[in-house]
Structures are given as C-alpha cells and as structure tokens.
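Engineer: Give me the fold of what follows.
(one chain, ligands or ions: 1)
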Amino acid sequence: NKRFLLRRRPEGAPVETDFELVSDAIPAPPAGGFVLHNHFASLDPAQRGWMDDAPSYMPPIALDDPVRATTVGQVHASDHPDYAPGDWVMGLNAIEEYSVVVPDGFTAKVDVSAVDSPSRFLSAFGAVGLTAYFGLLEVAKPQPGETVLVSGAAGAVGSVVGQIAKIHGCRTVGIAGGPDKCARLVERYGYDAAVDYRGKSAEQLADAIREVTPDGANIVFENVGGTVFDAELMNLAKHARIVLCGLISEYNSETKHGARNLWQVLAQEATLHGYLISAYVDRFAEGGAQMAKWIASGEVVMDEDIQHGIDNAYPAFMRLFSGANTGKLILALD
Ligand code: NDP
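Structural biologist: Predicted coordinates:
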C-alpha cells in the first residue's frame, strides 16, 4: 500500500522533500468500516492550505499522515453491511492506494454505470463543479445582461462558472495565464472575452480588463487573489458582488499580498462574500442533478487533467501552481 505522506510543513512553495512515499501492507477492514482501493485522487489547491498549521475550516493534515484528498475507488474488504467488495465509493480519504474508511458525512456510494470514467465524481459530478454552481447561482445570483468577471477562468472551477453564467444570459470575461488558455476560454468555455494576466502589472491588467469591460463587472468570481484581484477591484460596477472563492496566488506566499485596492469595495458599494462549498452540502443532490443535465446536453463541458501514478503525486500536485493543468487535476493511482 503506497502512501504519500506529509513529512514537513512547506515553507512557501512545497518541495519534494516535504513529502515521502512509503509502502506498507494493505490494512484489514476496521470494525464497522471497510478498506477502499483508491483508483483516483483529487488534487486541489485546498490541500496546500491543509498542509499549514493555521486556523482554517478543517484541521491541518497531521505530520506523517498521508495527504488528505477526496478519492474514488472500490471496496476491497469490508466489515460494514452496506458496503460490499467491488462497490464504488467516494469520500474524503488520502493519497494512498488503500484507505481505511469508517463511513462519515463525506462517504457516498457512486453509480459508475452511467459515466465514462469514475474520475467524473471528482470533476463534473463532484464538489468542484458544484463550487462553481452554488457560488455563482446562490451567492452571486446573476441576472441576464450582467457582466461576470472570473479569475482562474480556465481552471476547474472557473471554466464551469463561465459556462453557467452564459446559460443565465450573462456576458462573461475570463482571466487566465497565457495565450493558449485565453484561446481556450473563448473557444471551449464560451467566454465573450479573455484577458491574459501573465507579464502584466496590476495597473496594466486593470487597463486590459477595462478595454473589454468598459461598464465594469457586476459579479467578480475570485479564484486567484494578489495582483489579479487588485486589477479586478479597479473594474467594479456599482453594487458589484464579489464571490471570494479562492486566492491561489497567495497559497505559497509567506507574506500575503492582500487586497491593495480594497477601497474600491466601498467606493462602488460592493459586497465581498467569503464562500465555502461546504455550506451547500445539503443541496448537492439538487446541484448535481442540474450539472448532470447540462453535461449530458453538452451545455457545460468540464475537462479533466489526469496524471498517472502515485509516484508522480508531487509533480502532479505542483501543476496547480505553475498553471500546467488544463482542467480538473486528478491523480490516477493505478
Ligand atoms: P484550477 O483548475 O483553477 O487550477 C489552479 C489554476 O490557478 C492554475 O491552473 C493557474 O491557472 C492558476 N494559478 C496558479 N497560481 C497562480 C498565480 N500565482 N496567479 C494566477 N493564477 C494562478 O483549480 P481549482 O479550480 O480546483 O481551484 C480554483 C480556485 O478555487 C482555488 O483558489 C481554490 O482554492 C478555490 N476553491 C474554493 C472552494 C471553496 O469552497 N471556496 C472549493 C474548490 C476550489 P493559469 O494558468 O490561468 O495561471
């Protein structure tokens, strides 16, 4: 049972020696639980936060524990009447080939018969697609004709935010890194305009956003923070709603950049809403059903970036911070 352990808390960007891949025996099922053979592990920016010993919405990953991750896999051996060997299950487990599971609120059986890959439960039918869904529809409440400005727009969350906003009659402007991702924003995710943030100061980026958003953004869906957020703040429409979903540009910085143009929130009488998908777990079935319809009809596409092998866990994870990932980043464990 290969396991990807956190040995040291990263200082700034994680380095390979913060982790260690170990191998031990496949565990036996615990009383009232089962052993899950993980096929896919979700690689998420949030995992970087869980590596720090800082106040958050979840306790930090303990040193010498495997890195916590949502996984999907098959029951290997069971001492639970509802989980039989072979059943497909997802849950909050870890980057390891076999996890000992005592079912909790995160554990759910999944029906893989209707999907082309069980990895879909970590992307289109998982919490990441629903992060876009509830963050946009319930927090920002878009109205037809409004302009929605999205950072990290080519990523897992951002690509879906743009598509759902279009379905709701909005104009969408996406910010991403590099010409390829910007082309993808328009051609694949239906954004009306794309802005490349790379190589631009906050002021230059603010100007570039203004060129394509002359009346300002009614909604800002924030995934990035830092200078990108500074530039967006200079382009708010009156009474804009800002969904603060993530700040990935700051996760590896020991000195936080902060929001240097925060004064624009009061100048434009905007609302800044800190948002966690966990607030909507009771509504996952409803959101999941709608997402499934849109995916089936082709109205929403959600791309996956599948990396292979637990031995590649570290370089695969780091793709999130270099921007190498094209779509939801997932590690296939076998
Ligand atoms: P993505 O698929 O968007 O991957 C991360 C992307 O972030 C990269 O591809 C890169 O895109 C961009 N990025 C990385 N570093 C920087 C940087 N320094 N400056 C600008 N852009 C950068 O990941 P997810 O969709 O999984 O997550 C997106 C955001 O959503 C994260 O901030 C995450 O924490 C947040 N999130 C929040 C949730 C919640 O409940 N609030 C739930 C799930 C996710 P590029 O090539 O364009 O630079």
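Engineer: what's the distance between Thr255 and the ligand?
Structural biologist: 14 Å (C-beta to the nearest ligand atom, to the nearest Å). For the C-beta atoms, the positions are set from N, CA and C on the backbone; glycine is no exception.
Engineer: Read off the pLDDT value for that residue.
Structural biologist: The model reports Thr255 with a pLDDT of 90.
Engineer: Number of residues surrounding it?
Structural biologist: Other residues near Thr255 come to 7 when the count uses other C-beta atoms under 10 Å.
Engineer: That one looks like it's in a helix, true?
Structural biologist: No. Thr255: not assigned to a helix; according to DSSP: H, G, I helix; E, B strand; the rest coil it is coil.
Engineer: give the contact list for it.
Structural biologist: For Thr255, the contact set (C-beta atoms under 8 Å, 6 or more residues apart in numbering) is empty.
Engineer: Low-confidence ranges, the stretch 51-200 of the chain, go.
Structural biologist: Scanning the stretch 51-200 of the chain for pLDDT under 70 picks out nothing.
Engineer: and it, which of its residues are near the ligand?
Structural biologist: 128, 131, 152, 154-158, 176-177, 181 (C-beta under 6 Å from any ligand atom).
Engineer: how does it look with 5 Å?
Structural biologist: Counting by C-beta under 5 Å from any ligand atom, the stretch 51-200 of the chain comes close to the ligand at 131, 152, 155-157, 176-177.
Engineer: Among the residues you listed, which are located in strands?
Structural biologist: Among these, DSSP state E puts Ala176 in strands.
Engineer: could you pull out the helices for the stretch 201-334 of the chain?
Structural biologist: 202-212, 226-233, 263-267, 284-297, 313-322 (DSSP state H, counting those that start in this stretch).
Engineer: need the contact list for the residue lying closest to Ile248 once chain neighbours are set aside.
Structural biologist: With sequence-adjacent residues excluded and distances taken as C-beta to C-beta, 6 or more residues apart in numbering, Ile248 is closest to Pro45, at 4.9 Å. Contacts for Pro45 (C-beta under 8 Å, 6+ apart) come out as 246, 248, 251, 320.
Engineer: re earlier: I'd like to know which of the helices of the stretch 201-334 of the chain is closest to Phe4.
Structural biologist: Comparing those by their distance to Phe4 (C-beta to C-beta), the top pick is helix 313-322, with 4.4 Å.
Engineer: Okay, buried residues for the closest one please.
Structural biologist: Going by neighbour count (16 or more other C-beta atoms under 10 Å), the buried part of helix 313-322 is 313-314, 316-318, 320-321.
Engineer: and what of stretch 299-312?
Structural biologist: Across stretch 299-312, burial judged by 16+ other C-beta under 10 Å covers 300, 302-307, 310.
Engineer: So which of those sit within strands?
Structural biologist: Applying DSSP E to the buried residues of stretch 299-312, the entries found in strands are 304-307.
Engineer: out of the residues you listed, who's nearest the ligand?
Structural biologist: For those, the residue nearest the ligand by C-beta to the nearest ligand atom is Asp305; the value is 7.7 Å.
Engineer: Contacts only, for that closest one.
Structural biologist: 319, 325-330.
Engineer: Quickly list what it is bridged to.
Structural biologist: Under DSSP bridges, the beta-bridge partners of Asp305 are Leu329.
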